[in-house]
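# How does the following fold in three dimensions:
(one chain, ligands or ions: 1)
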Amino acid sequence: MENFKNSTVYQIYIKSFKDTSGNGFGDIRGITEKLDYLKELGVDYVWITPFFKSPQRDNGYDVSDYTAVDSMFGTMEDVEELIAQAESRGIGCMFDMVFNHTSTEHEWFQRALRGEPEYMDYYIFRDGEPDAPPTNWQSKFGGPAWEYVPHLKKWYLHLFDVTQADLNWENSQVREELKQVIRFWKDKGVKGFRFDVVNLISKPELFEDDDRGDGRRFYTDGPHVHEYLKELVRDTGIGEMVTVGEMSSTSLENCIRYTRPEEHEFSMCFNFHHLKVDYKDGNKWEPKEPDHEELKRLLMQWQEGMQAEQGWNAMFWCNHDQPRAVSRFGDDKKYWKESAKMLATSIHLLRGTPYIFQGEELGMTNAGFKDISEYRDVESINYYEIMQSEGKTRKEALDILAARSRDNGRTPMQWDGSRYAGFSQGEPWIGIPENHSYINAQAEAADSGSILNYYKRLIALRKEYKVISEGEIEFIYREHPQVLAYRRSCQGQELVVLANMKAAAVDLGEKPELEGYRQLIGNYAGAECEQTLEQLKPYECRVYIRTL
Ligand code: TEU
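Here you go, the predicted structure:
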């Protein structure tokens, strides 16, 4: 069995995990300090978001030197110590490779700006007049995707921030440079990699306008992407390691190719379709209530589609770009514990490798920011202006940010109930929700019914039962509008998962077939646990198992 199938990955957003220096920013030593917590939780890998040299315009996703550690996070020795300490606890480190673009402060871009042809060809420069960008594409963070450089009389492409220039993967020299980066970290003992927006690396031959300025169809899963990934994997020998690609606006067909073993690309990939069910008309800045039927339809489609072709999913609700799942798909007040546990159960027991984003295991909530001065994210700050320029009031824009901003997932890890939540001795770079008085690792470790202890159990079950990591999946109650339900089976082990995704109690309609099963885990305990088989309480989930 491939080891990534029975593994659980924990994502660390370094800036907000643990600060050991007191400057308000998390650091590498902070991660090392908390390795025992992670071991106790039971995770196999930690994916650490970028700590490489960077001007931090996009919190490290704007890298100016791929093989140097940014001094704000520590030193190379700190990184080596972290890798060694993690390994001694059986935890593998996965580093985050941001290869679609570099910071404009990267030496390559600086040399391109100086007009060195060799380095200009590292990026995507196009001729043009100062008032006519090559295409009308919008950047993902708002505004045009092209920036004019007067002294070169050329435009460069940036799908993200203006300080994140897209690399030209058509240039084999660029591909060689990036392979060197992988070899460098691999030699340090890293066990896996996450690849940022890696399905955007292959740009089209011809750059054309789009009716709505949305260039995605031209560069998403682009013409040579599979070829480039195969080459990268082959030439760096990372085929034996755990690799995960972040795939933006991708398709099922492509994700099958990115992950099926005989393609020799990645172990697994992230897609985001299920996290758009609360976008009106696909627009992140037009929130609506989550559409649970659509959520269920998408999960079923991807689970079945990937299974049919031996693809493999990375399963997740949260990351550093997303609002907190319990606030978004659950109820972070009345049914805080129940809904957090239901969300955990439903995703961890699907077919794929589960990812936990720091604090998710505590049921951390959205930030609750009320003023624009509390936000730090470049995308949020840009869209605050854009939304108002498009006619929204300040209040409306702030309400949308409160639901949608990436900063919701970036507040400091809540270690304890003290002033700065045990994250730092000094004032953190971004605010901490008041609920850290009770939503924190210390309090939850001591409470057997906590969300934290529930996660520990789920992670442990994955190691105990092969059916969780390897079982086939089949959905049941397919047409039910609010219950996600499935059966997994593997070599005589069978598992049934029932999850009520909403706050209203619900009837299943007909009794589940549970002859010979026993309950393995569930989110209602003790006296609350009296159950009729065909009814589920608000956000209730139950898992049953039998061995044939
Ligand atoms: O994110 C890719 C990405 O496109 C989204 O998650 C994006 O943040 C969101 O859709 C905007 O609405 C990756 C990283 O995870 C993110 O932090 C970086 O900002 C981005 O790439 C650029 O490197």
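# rest of the way, CA atoms for contacts and neighbours
Will do.
# ok, the residue in the stretch 1-150 of the chain that the ligand sits nearest to - how many residues close by?
With C-alpha to the nearest ligand atom, the shortest gap between the stretch 1-150 of the chain and the ligand falls at Tyr61, namely 4.5 Å. Neighbourhood size, Tyr61 [other C-alpha atoms under 10 Å]: 26.
# What residues does the residue nearest in space to the middle of the chain make contact with?
What sits nearest the mean C-alpha location of the chain, by C-alpha atoms, centre = their mean, is Asn319, with 3.7 Å. Residues counted as contacts of Asn319 (C-alpha atoms under 8 Å, 6 or more residues apart in numbering) are 11, 356-357, 409.
# Alongside the ligand, which residues does the stretch 301-450 of the chain contribute?
The interface of the stretch 301-450 of the chain toward the ligand, taken as C-alpha under 6 Å from any ligand atom, is made up of Asp321.
# Which residue would be the closest one in the stretch 301-450 of the chain to the ligand?
Closest residue of the stretch 301-450 of the chain to the ligand, C-alpha to the nearest ligand atom: Asp321 (5.1 Å).
# Report the spatially nearest residue to that residue, omitting neighbours in sequence.
The spatially closest residue to Asp321, leaving aside those adjacent along the chain, is Arg406, at 4.6 Å (C-alpha to C-alpha, 6 or more residues apart in numbering).
# how about the residue of the stretch 301-450 of the chain closest to the ligand, secondary structure?
Taken by DSSP: H, G, I helix; E, B strand; the rest coil, the conformation at Asp321 corresponds to coil.
# Please look at it and Ser380 and confirm they touch.
No. The pair formed by Asp321 and Ser380 falls short of the contact definition of C-alpha atoms under 8 Å, at 10.8 Å.
# More neighbours: the two, which one.
When Asp321 is set against Ser380 and neighbours are counted by other C-alpha under 10 Å, the residue ahead is Ser380, at 24 against 14.
# Could you name the helices and strands sitting against the helix or strand encompassing that one?
Secondary structure here is read from DSSP states H and E; on that basis Ser380 sits in helix 378-389. Contact partners of helix 378-389 among helices and strands, from 3 or more C-alpha pairs under 8 Å, 6 or more residues apart in numbering; DSSP states H and E: helix 394-404.
# Name the nearest residue to Asn475, ignoring sequence neighbours.
Slight slip there: residue 475 is Phe, not Asn. Tyr486 (4.1 Å).
# Show the contacting residues for the one you found.
Neighbouring residues of Tyr486 by C-alpha under 8 Å, 6+ apart: 473-477, 496-498.
# Could you rerun that using 10 Å?
The contact partners of Tyr486, by C-alpha atoms under 10 Å, 6 or more residues apart in numbering, come to 300, 346, 349-350, 473-478, 495-499, 543.
# same deal with Asp332?
Taking C-alpha under 10 Å, 6+ apart as the definition of contact, the neighbours of Asp332 are 324-326, 338-340, 363-366.
# doesn't it fall inside a helix?
No. With three-state DSSP as the criterion, Asp332 is located in coil rather than a helix.
# Find me the pLDDT at it, would you?
On the pLDDT scale, Asp332 is placed at 98.
# do you know how far it is from Val98?
From Asp332 over to Val98 the distance is 33 Å, taken as C-alpha to C-alpha, to the nearest Å.
# pretty sure Thr102 is in a strand, no?
Yes. Assigned with three-state DSSP, Thr102 falls within a strand.
# for the protein, which spans come out with low pLDDT?
Applying pLDDT under 70 to the chain flags the ranges 1-2, 526-531.
# Alongside the ligand, which residues does it contribute?
Listed as neighbours of the ligand in the chain under the rule C-alpha under 6 Å from any ligand atom: 58, 61, 160, 196-197, 248, 321.
# hmm, back to that, which neighbours do Asp321 and Ser380 share?
Contact criterion C-alpha under 10 Å, 6+ apart; residues bridging Asp321 and Ser380 by contacting each: 404-407.
# which ones are touching the residue nearest to Val506 when sequence neighbours are not counted?
Ranked by C-alpha to C-alpha, 6+ apart and with sequence neighbours excluded, the top spatial neighbour of Val506 is Leu536, at 5.3 Å. With contacts taken as C-alpha under 10 Å, 6+ apart, Leu536 has the following neighbours: 483, 498-501, 504-508, 542.
# Out of these, which two sit at the greatest distance?
Farthest-apart pair in these is Ala504 and Arg542; separation 15.9 Å (C-alpha to C-alpha).
# When the two are compared, which one has more neighbours?
Neighbours were tallied for Ala504 and for Arg542 using other C-alpha under 10 Å; the higher tally belongs to Arg542 (20 against 13).
# what pairs with whichever strand or helix holds the more buried one, and is each one parallel or antiparallel?
The secondary structure element spanning Arg542 is strand 541-547 (assigned by DSSP H and E). Strand 541-547 has the following sheet partners, assigned by DSSP bridges: strand 493-500 (antiparallel), strand 518-522 (antiparallel).
# Highest mean neighbour count out of the ones you listed?
Ranked by average neighbour count under the criterion mean count of other C-alpha atoms under 10 Å, those are headed by strand 493-500 at a mean of 24.
# Relative to the whole chain's centre, how far out is that one?
Put simply, strand 493-500 sits 25 Å off its chain's centre (C-alpha atoms, centre = their mean, to the nearest Å).
# Can you dump the C-alpha atoms of that strand in PDB for me?
In PDB, the C-alpha atoms belonging to strand 493-500 read as follows (Å, rounded to 0.1, in the frame of the first residue of the first chain):
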ATOM      1  CA  GLN A 493     -14.400  -4.800   6.500                       C
ATOM      2  CA  GLU A 494     -17.400  -2.600   5.900                       C
ATOM      3  CA  LEU A 495     -17.900   0.900   7.100                       C
ATOM      4  CA  VAL A 496     -21.100   3.000   6.900                       C
ATOM      5  CA  VAL A 497     -21.000   6.800   7.400                       C
ATOM      6  CA  LEU A 498     -24.100   8.900   7.900                       C
ATOM      7  CA  ALA A 499     -23.700  12.700   8.200                       C
ATOM      8  CA  ASN A 500     -26.500  15.200   8.600                       C
END
